[in-house]
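*Asks:* quick one, structure for this:
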Amino acid sequence: MKKWVTCLLVLLLLCYGYTKFKTGANDLSNKSEVHTESTGMPDSSNQADGSKIKLSKKMIYQGDLLLVNKDHPVPDGLHPESDAVNLFNNPELINGFGVLDNTVLLSPRIVDKFHTMIKDAAQEGVVHFLISSGYRNETRQEELYRTSGAQFALPAGYSEHNLGLSMDIGSSQAEMNRAPEGKWLKDNSWKYGFVLRYPEDKTAVTGIQFEPWHFRYVGLPHSAIMWEKNLVLEEYLDYLKQQGSVSTTIGEENYQVFYYPVNENRIITVPAHGEYEISGNNQDGVIVTVHK
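*Replies:* Numbering: from 1, shown residues only. Below is the predicted model:
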């Protein structure tokens with residue numbers, strides 16, 4: 001009798017656990033739910049199972065979270081032009097959007113992420129996207145700076161367009177501050193790793209006027225945390241420094257984000273199994289993103 005009761009209790013517990021898991025999965029089925037918590041300063045010594053990596057100064061200047069603005073130029077040694085292709089000459093990449101002219105250059109990686117995003121927008125009837133600018137080399141940026149002036153362009157080497165992670169997105173129907181495409185991107189681009197880089201309420205932080213057309217790829221979960229907390233990149237990188245590490249849940253996906261200042265002998269532990277990414281901030285440290 002005692003053995004039968006024990007088996008029954010085990011069965012009930014298993015059924016409860018299964019029901020709880022299924023309920024949680026259904027409750028967090030879309031990316032519009034984001035929950036972020038600070039987990040304090042990172043301590044890689046607590047990660048028993050992992051691989052050791054020695055941080056180098058070079059790592060500060062690589063990755064999708066590089067801060068580029070009037071105070072932080074594109075790092076020397078980066079060659080985003082090697083990944084950029086002319087979209088007009090590669091029509092197989094133009095899928096669901098238009099290009100302004102035959103000068104638009106972008107990395108196929110960024111084009112692919114953009115296409116995934118606007119494919120979902122099309123499900124809501126938002127279809128008139130137009131890319132007017134992507135990667136610019138320093139010669140093109142200097143020409144733009146000379147002809148448009150400091151109010152509308154940054155000097156060569158100090159523009160995100162020189163980094164290859166940004167694009168100017170328009171609508172063939174109206175200006176982006178009025179077009180459905182602009183509103184949709186403002187509300188949804190974070191779900192796909194993009195951020196509106198120069199919002200109207202952050203001009204004092206970015207030093208750049210409101211640009212409803214300028215979107216930057218930073219990747220998940222960073223775009224989601226920035227959206228949740230209303231942070232631009234400058235503020236987000238400072239936030240990570242202050243917190244040390246944060247944990248966030250986006251839909252069903254769990255992430256941990258760690259900030260490490262880089263010094264001469266810094267060794268960190270990364271998961272031996274699972275996904276992780278390392279990006280520098282173009283300032284003084286690296287951000288390690290673990291996807292559980």
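
*Asks:* for the chain, which segments count as strands?
*Replies:* For the chain, strands defined by DSSP state E occupy the ranges 34-38, 50-54, 85-86, 98-99, 105-106, 129-133, 166-171, 194-196, 214-217, 245-250, 253-261, 267-271, 275-280, 285-291.

*Asks:* okay, and the beta partners of the residue nearest to I60 when sequence neighbours are not counted?
*Replies:* Computed as C-beta to C-beta, 6 or more residues apart in numbering, the closest residue to I60 that is not its neighbour in sequence is G280, at 3.9 Å. Every residue, glycine included, has its C-beta placed from N, CA and C. Note on G280: beta-bridge partners by DSSP bridges are V286.

*Asks:* do you know how far G280 is from D83?
*Replies:* Computed with C-beta to C-beta, to the nearest Å, the distance linking G280 and D83 is 17 Å.

*Asks:* with D76 instead?
*Replies:* Separation of D76 from D83 (C-beta to C-beta): 17 Å.

*Asks:* cool, D120 as well?
*Replies:* 25 Å.

*Asks:* picking up where we left off before, what about the residue nearest to I60, neighbour count?
*Replies:* Applying other C-beta atoms under 10 Å, we find 24 residues neighbouring G280.

*Asks:* what do you get for G182?
*Replies:* Close neighbours of G182, defined as other C-beta under 10 Å, add up to 20.

*Asks:* wait, what's in contact with the closest residue to it other than its chain neighbours?
*Replies:* Excluding its sequence neighbours, the residue lying closest to G182 (C-beta to C-beta, 6+ apart) is M176, at 3.6 Å. By C-beta atoms under 8 Å, 6 or more residues apart in numbering, M176 lies in contact with 169-170, 182, 212-213.

*Asks:* before we move on, what about I53?
*Replies:* If you count contacts by C-beta under 8 Å, 6+ apart, then I53 has 267-270, 278 around it.

*Asks:* change it to 7 Å
*Replies:* 267-268, 270 (C-beta atoms under 7 Å, 6 or more residues apart in numbering).

*Asks:* and the helices in the stretch 1-150 of the chain?
*Replies:* 2-27, 108-122, 138-148 (DSSP state H, counting those that start in this stretch).

*Asks:* show the pLDDT at N265.
*Replies:* For N265, the model assigns a pLDDT of 81.

*Asks:* burial measure for S132, as a count.
*Replies:* Other residues close to S132 by other C-beta under 10 Å number 16.

*Asks:* for S133, list each beta-bridge partner.
*Replies:* With DSSP bridges as the rule, S133 is bridged to D168.

*Asks:* give the burial count for it, as a bare number.
*Replies:* For S133, the count of nearby residues is 22 (other C-beta under 10 Å).

*Asks:* on that earlier part again, so the residue nearest to I60 makes contact with V286?
*Replies:* Yes - G280 is in contact with V286 according to C-beta atoms under 7 Å; the separation is 5.2 Å.

*Asks:* ok, back up a step: for the residue nearest to I60, give me its contacts.
*Replies:* Residues counted as contacts of G280 (C-beta under 7 Å, 6+ apart) are 59-63, 66, 286.

*Asks:* please produce JSON lines containing these, extended by distance to G164 and pLDDT.
*Replies:* Listed next are the contacts of G280 as JSON lines, based on distance: C-beta to C-beta, whole Å; pLDDT from 0 to 100:
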{"residue": "M59", "distance to G164": "18", "pLDDT": "96"}
{"residue": "I60", "distance to G164": "18", "pLDDT": "97"}
{"residue": "Y61", "distance to G164": "14", "pLDDT": "97"}
{"residue": "Q62", "distance to G164": "12", "pLDDT": "97"}
{"residue": "G63", "distance to G164": "12", "pLDDT": "97"}
{"residue": "L66", "distance to G164": "10", "pLDDT": "98"}
{"residue": "V286", "distance to G164": "19", "pLDDT": "97"}
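
*Asks:* picking up where we left off before, need the buried ones from the contacts of M176 selected in PyMOL.
*Replies:* In PyMOL, a selection of the buried entries from those looks like this (16 or more other C-beta atoms under 10 Å):
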select buried, resi 169+170+182+212+213
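
*Asks:* what is the nearest of the contacts of M176 to H291?
*Replies:* Nearest to H291 out of these is I169 (C-beta to C-beta; 26.8 Å).

*Asks:* how close does the closest one get to I110?
*Replies:* Distance of I169 to I110, given as C-beta to C-beta: 11 Å.
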